[in-house]
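In: Would you be able to build a 3D model of this:
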Amino acid sequence: MPLPLTGSCQCRAIRYEIRAEPLTLYACHCTECQKQSGSAFALSMVVLRESVAVTAGEPKIWQRRHESGRIMDAVLCGTCGARLWHNPQANPRVSIVKPGTLDDTRRLHPIGHIWTKSAQPWVTIPETTVNYEGQHPDPVRLTEAWKQARAGTGD
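Out: Alright, predicted model coming up:
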């Protein structure tokens, strides 16, 4: 993945860059991600918070409580409403980018799945990925699996 990764909201009023290699990428099947995405799951790309930079526009912040009890600041466009990333209050070192907002999504291959107990029954969860029935207890397995997969692709 050539850096910086660039992205925007749907109306393109907000533009951003990710200036460091992502830490991991997984699919979340929690009911809140299903509602937010309007789909069966949402992709989550964990990055160092300091590596995310807004390059155009001014995003809005909406604070939400996840079904797990965690509190996150959702960063979104005040015009079109698209969510760009979340800043979890419990971990100020990372942001969780909604990678469907990236300009180039061709290389998005999730390394795992979380909240699989909420997955739609027609979604097939690969047994070869790092999977959790609920919230992952520690992101280390997802991060290590991401590093191994990236090393194998040459990206």
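In: any weak-confidence spans in the protein?
Out: Judged by pLDDT under 70, the chain has its weakly predicted residues at 67, 153-155.
In: got the residue ranges for the strands in it?
Out: Per DSSP state E, the chain carries strands over the ranges 5-8, 15-18, 24-28, 42-48, 52-56, 60-65, 71-76, 83-88, 94-97, 112-114, 130-131.
In: The first one: which residues count as buried?
Out: Neighbour counts over strand 5-8 (16 or more other CB atoms under 10 Å) mark Leu5, Gly7, Ser8 as buried. From N, CA and C alone the C-beta is placed, and that goes for glycine too.
In: and what of the fourth one?
Out: Residues of strand 42-48 classed as buried by neighbour count (16+ other CB under 10 Å): Ala42, Leu43, Ser44, Met45, Val46, Val47.
In: Quick check: bridge partners of the first one?
Out: Listed beta-bridge partners, Ala42: Cys28 (assigned using DSSP bridges).
In: got the contact list for it?
Out: Listed by CB atoms under 8 Å, 6 or more residues apart in numbering, the contact partners of Ala42 are Ala27, Cys28, Cys33, Gln34, Gln36, Lys98, Gly100.
In: Turn those into a markdown table, including distance to Tyr132 and neighbour count.
Out: Conversion of the contacts of Ala42 to a markdown table gives the following (distance: CB to CB, whole Å; neighbours: other CB atoms under 10 Å):
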| residue | distance to Tyr132 | neighbour count |
| --- | --- | --- |
| Ala27 | 11 | 23 |
| Cys28 | 10 | 26 |
| Cys33 | 14 | 22 |
| Gln34 | 16 | 18 |
| Gln36 | 19 | 16 |
| Lys98 | 20 | 23 |
| Gly100 | 21 | 15 |
